[in-house]
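A.B. asks: Build me a model from this:
(2 chains)
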Amino acid sequence: MKEKDFKRPDGRKIDETRKITAKVGIIGNADGSAMFSFGDTIAIAAVYGPKKMHPAHLQNVAKGTLRYNYNMISFSVSERIRPGPSRRSMEISKISEWALEPVVMTDRFPGTVIDVYVSIIQANASTRCAGINAAALALAHAGIPMRDIVSSVSIGKLDKQLVVDVAKDEEDWEEGEGATDIPITMTSDGRITHIQLDGKIETKQLKEAIKMARKACKEIYEIQKKALKESLEEK
Amino acid sequence: METPYITGERIKEYLEHGKRFDGRKFDEFRNIEIETGISNKAEGSARVKLGNTEVIVGVKMDLAEPYSDSPDKGNLMVTAELLPLSSKRFEPGPPSIESIELARIIDRMVRESKFIDLEKLCIKEGEKVWNIFIDIYSMNADGNLLDAAGIGAVVALKNAKIPKYDEETGKVVYGEWTKEKIPTKKEIPLSITIHKIGSHFLIDPSQEEEDISETRVTIGSHEGTIYSMQKGDHFSLSVEDFEKILDLCEKVWKKLFSEISKDLK
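C.D. replies: Numbers count the residues shown, from 1 in each chain, chains lettered A, B, ... in the order given. The predicted model follows:
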């Protein structure tokens, strides 16, 4: 199938994300907070810290610890999920932590912990990417020194076609080769801090996918930057 | 992280002069904001803000076997999570006693008021009934999560639609809804918590006020008819005090109800 013949269920162009919204400063109690959405997928993030790490044996004398907690609200999906952590959410928490760590200057805060809490209010796939984007904003909003901001997007391969920002009905693609889901996180200068892949793809096409992610991440980065600037103007 | 002693003393001093830090009267709620339909995956949902306090509540439904003591009735389950996202005071991990108590207080208000007509949620007696889950999440905790959750629960229930159900497969068709709403009674219960500080009674405490509250009574009621009640915290109450609480509750209930009635249609 030729690229121009390929129809996405919601009519988007293959390299088009859903409508993105980002807002910084949404949770009064937090040191930093933000909301980030890809269409129907809404993530919110709150940052608390840096604060002293308890218990003391978890303290790292060389650098601070970044701790990420990803949580899906029970009614964010069609079939209610039981509140509380799951194997899935614990793994996503860990990879999200790794996605952010390279840009957070934890070496400035030895012995401390920075807690990042992410909740998915409404889910329509790409929740971990929305979470990471919200978290990056919340960390910046908290005034935590960062080398850069990260931006995250999912690339999908639907049958043979690559698309940007996978929605749920695309994630469940069954025709032809089915769906391959590739969430990717990048710094603004294009370094990869997180990548996962489930499905089937040739090396050559994966390289292609990375290029698409790079382009989409640049767009997301601009939106993140704008949201941060707006939060400063409001004050 | 707790309210400093000196702040507490200052609050009490203010109360002696009939004043609160934020200028409210003792029987006055903070600004109430209600938004419905905050998750399009939920059967019904609401966001409630009381000043800086914010909760979200969602209603989900699925099919299950009835309990043996109520074979012809739907099941109700209320859970609450005090998200660490919403306050420094909350930590990840198993549910704290605060979140369990909150969920149970709201559960009893909804259940005992018979606000939901659970009998209409029976599909086949003894075999298949609807489960209703009310899930409460704190988004920003700044006092009085209880009443925010109570308002959120009834608003979410009021705007909840029953999902489609495929009789052949016996399964819920998720993501598709009937036009039917969850059957609810006209008498809408609201939870109102009255706090006692010194010789004063006040409602809708800020976090600081809640911290120095000596005791609280949460009442689930409709126009003076009481369905559920819980006294919390360490201090005792005289019978006179208790009667004052009941009268104050009835008065505050009317005000609160008229203020939010547009969201309960």
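A.B. asks: Buried residues of whichever strand or helix holds residue A:169, list them for me.
C.D. replies: Residue A:169 belongs to helix A:168-171 when elements are defined using DSSP states H and E. Applying a neighbour-count criterion of 16 or more other CB atoms under 10 Å in any protein chain shown, the buried positions in helix A:168-171 are A:168, A:170-171. In short, each C-beta sits where N, CA and C put it, glycine included.
A.B. asks: just stretch A:177-194 next, same as before
C.D. replies: Neighbour counts using 16+ other CB under 10 Å place A:179-188, A:192-194 of stretch A:177-194 among the buried residues.
A.B. asks: In chain B, what residue comes closest to chain A?
C.D. replies: Scanning chain B for proximity to chain A using CB to the nearest CB identifies residue B:58 as nearest, at 3.0 Å.
A.B. asks: Relative to chain B, which of the buried residues of helix A:168-171 is nearest.
C.D. replies: For chain B, the closest of the buried residues of helix A:168-171 turns out to be residue A:168, at 9.4 Å, with distances computed as CB to the nearest CB.
A.B. asks: And whichever helix or strand comes after the helix holding residue A:169, what does it pack against?
C.D. replies: Remark: after helix A:168-171, the chain's next helix or strand is strand A:179-187, criterion DSSP H and E. With contacts defined as 3 or more CB pairs under 8 Å, 6 or more residues apart in numbering or on different chains; DSSP states H and E, the secondary structure elements packing on strand A:179-187 are helix A:127-141, strand A:150-158, helix A:168-171, strand A:192-195, helix A:203-234.
A.B. asks: Tell me the gap between the last one and the middle of its chain.
C.D. replies: Taking CA atoms, centre = their mean, to the nearest Å, one finds the center of helix A:203-234 at 11 Å from the center of the full chain.
A.B. asks: again with the fourth one
C.D. replies: Between the mean C-alpha location of strand A:192-195 and the chain-wide mean there is a distance of 11 Å, by CA atoms, centre = their mean.
A.B. asks: who does it touch, helix- and strand-wise?
C.D. replies: For strand A:192-195, the contact count by 3+ CB pairs under 8 Å, 6+ apart identifies helix A:87-100, strand A:150-158, strand A:179-187 as packing neighbours.
A.B. asks: Need the contact partners of it.
C.D. replies: With contact meaning CB atoms under 8 Å, 6 or more residues apart in numbering or on different chains, strand A:192-195 is reached by A:95-96, A:98-103, A:132, A:150, A:152, A:182-187, A:210.
A.B. asks: thinking again about what came up before, just send the helices and strands packed on strand A:179-187 back as a markdown table, with distance to residue B:76 and mean pLDDT too.
C.D. replies: Putting those into a markdown table (distance: least, CB to CB, whole Å; pLDDT from 0 to 100) gives the following:
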| stretch | distance to residue B:76 | mean pLDDT |
| --- | --- | --- |
| helix A:127-141 | 28 | 98 |
| strand A:150-158 | 37 | 97 |
| helix A:168-171 | 29 | 94 |
| strand A:192-195 | 41 | 96 |
| helix A:203-234 | 40 | 95 |
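A.B. asks: which one of these has the most crowded surroundings?
C.D. replies: Comparing these by mean neighbour count (mean count of other CB atoms under 10 Å in any protein chain shown), helix A:127-141 comes out on top with a mean of 29.
A.B. asks: relative orientation of that helix and helix A:203-234 in degrees?
C.D. replies: Helix A:127-141 and helix A:203-234 meet at an angle of 40 degrees, taking axes from the mean of the first three to the mean of the last three CA atoms, to 10 degrees as the criterion.
A.B. asks: so, in contact with chain B or not, helix A:127-141?
C.D. replies: No: where contact is defined by CB under 8 Å from any CB of the partner chain, no part of helix A:127-141 touches chain B; the two come within 9.7 Å at best.
A.B. asks: quick one on the thing from earlier: what is the most widely separated pair among the buried residues of stretch A:177-194?
C.D. replies: Taking every pair in the buried residues of stretch A:177-194 and measuring CB to CB, the maximum separation is 28.5 Å, between A:179 and A:188.
A.B. asks: dump the residue contacts of the residue nearest the centre of chain B.
C.D. replies: Geometric centre of chain B, nearest residue: residue B:150, 1.6 Å, by CA atoms, centre = their mean. Applying CB under 8 Å, 6+ apart, we find residue B:150 in contact with B:105-106, B:109, B:189-192, B:220.
A.B. asks: Helices - which of those land there?
C.D. replies: Assignment to helices by DSSP state H places the following of the contacts of residue B:150 there: B:105-106, B:109.
A.B. asks: could you dump those to a markdown table with pLDDT and distance to residue A:59?
C.D. replies: Formatted as a markdown table, the entries for the ones in helices among the contacts of residue B:150 read as follows, by pLDDT from 0 to 100; distance: CB to CB, whole Å:
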| residue | pLDDT | distance to residue A:59 |
| --- | --- | --- |
| B:105 | 96 | 38 |
| B:106 | 97 | 39 |
| B:109 | 96 | 44 |
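A.B. asks: who are the neighbours in contact with the closest residue to residue A:24 other than its chain neighbours?
C.D. replies: Sequence neighbours aside, residue A:231 is the residue nearest to residue A:24 in space, at 3.7 Å (criterion: CB to CB, 6 or more residues apart in numbering or on different chains). By CB under 8 Å, 6+ apart, the residues touching residue A:231 are A:23-25, A:141.
A.B. asks: Repeat that for residue B:22.
C.D. replies: With contacts defined as CB under 8 Å, 6+ apart, the neighbours of residue B:22 are B:30, B:51, B:206.
A.B. asks: Can you tell me which of those residues is closest to residue B:255?
C.D. replies: When the contacts of residue B:22 are compared for distance to residue B:255 (CB to CB), residue B:30 comes out closest, at 12.9 Å.
A.B. asks: element containing that closest one, please.
C.D. replies: Under DSSP H and E, no helix or strand contains residue B:30.
A.B. asks: That one: neighbour count?
C.D. replies: 20 (other CB atoms under 10 Å in any protein chain shown).
A.B. asks: how much space between it and residue B:138?
C.D. replies: Between residue B:30 and residue B:138 the computed distance is 16 Å (CB to CB, to the nearest Å).
A.B. asks: Flag every residue of chain A that's near chain B.
C.D. replies: Chain A comes close to chain B at residues A:27-30, A:40, A:44-46, A:48, A:69, A:71, A:73-80, A:83-85, A:115, A:117-119, A:121-123, as judged by CB under 8 Å from any CB.
A.B. asks: follow-up on the earlier one: for the helix holding residue A:169, name the packing helices and strands.
C.D. replies: Applying 3+ CB pairs under 8 Å, 6+ apart, we find helix A:168-171 packed against strand A:150-158, strand A:179-187.
A.B. asks: Throw these into CSV and include distance to residue A:227, thanks.
C.D. replies: Conversion of the helices and strands packed on helix A:168-171 to CSV gives the following (distance: least, CB to CB, whole Å):
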stretch, distance to residue A:227
strand A:150-158, 12
strand A:179-187, 17
